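Engineer: pasting the structure only:
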């Protein structure tokens, strides 16, 4: 939750995704200590107007100022598309997450302004109370 709060304070569109989410759930289900799996914190968002790697690096720098011990790795998913397909009007963060190569890591979550969690997954999005 601390990481999700840092993301929200930096940019409300940011989601935490991939392996860290999968590992956190896996550790909890197997009664292992939190963060036993380690790894970086994959941060994702979708903004075609800011699709440069430099913008991602700026977000990483802002996040490092808030939580310097976390290995942040931000990627605008608007850049992560099939170059032959181009950016279609129906593309979104959910579409990008659906294309991630491992189904068990194809999930992202953010903390909304109302403190509810919003999940993005290949089969759809949902919210729940924390």
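Structural biologist: Done, it's in. Computed from a prediction, not measured in an experiment: that's the story for all the values here.

Engineer: so how far is the longest helix along the chain from its chain's centroid?
Structural biologist: Longest helix of the chain, by residue count under DSSP state H: helix 53-66. Counting by C-alpha atoms, centre = their mean, to the nearest Å, helix 53-66 is centred 14 Å from the centre of its parent chain.

Engineer: sheet-wise, list the partners of the following helix or strand past it with their directions.
Structural biologist: Next along the chain after helix 53-66, taking DSSP states H and E as the criterion, comes strand 72-76. When sheet partners are counted by DSSP bridges, strand 72-76 sits next to strand 41-45 (parallel).

Engineer: average pLDDT across the strand it pairs with?
Structural biologist: Confidence for strand 41-45, expressed as mean pLDDT, is 94.

Engineer: buried ones in that strand?
Structural biologist: 41-45 (16 or more other C-beta atoms under 10 Å). The way it works is simple: take the backbone N, C-alpha and C, and place the C-beta from them, glycine included.

Engineer: what residue is smack in the middle of this protein?
Structural biologist: For the chain, residue 16 is the residue whose C-alpha lies nearest the centre (C-alpha atoms, centre = their mean; 2.9 Å).

Engineer: would you say that residue is within a strand?
Structural biologist: Yes - counting by DSSP: H, G, I helix; E, B strand; the rest coil, residue 16 falls inside a strand.

Engineer: the longest helix of the chain versus strand 72-76: what angle between them?
Structural biologist: Using axes from the mean of the first three to the mean of the last three C-alpha atoms, to 10 degrees, the direction of helix 53-66 lies 150 degrees away from that of strand 72-76.

Engineer: what sits up against helix 53-66?
Structural biologist: If you take C-beta atoms under 8 Å, 6 or more residues apart in numbering as the criterion, helix 53-66 is touched by 6-7, 9-11, 14, 43, 47, 70, 72-76, 79.

Engineer: next, the buried residues of it.
Structural biologist: Buried residues in helix 53-66 (16+ other C-beta under 10 Å): 55-56, 59-60, 62-63.

Engineer: got any ranges where the protein has weak pLDDT?
Structural biologist: 34-38, 81-90, 122-130 (pLDDT under 70).
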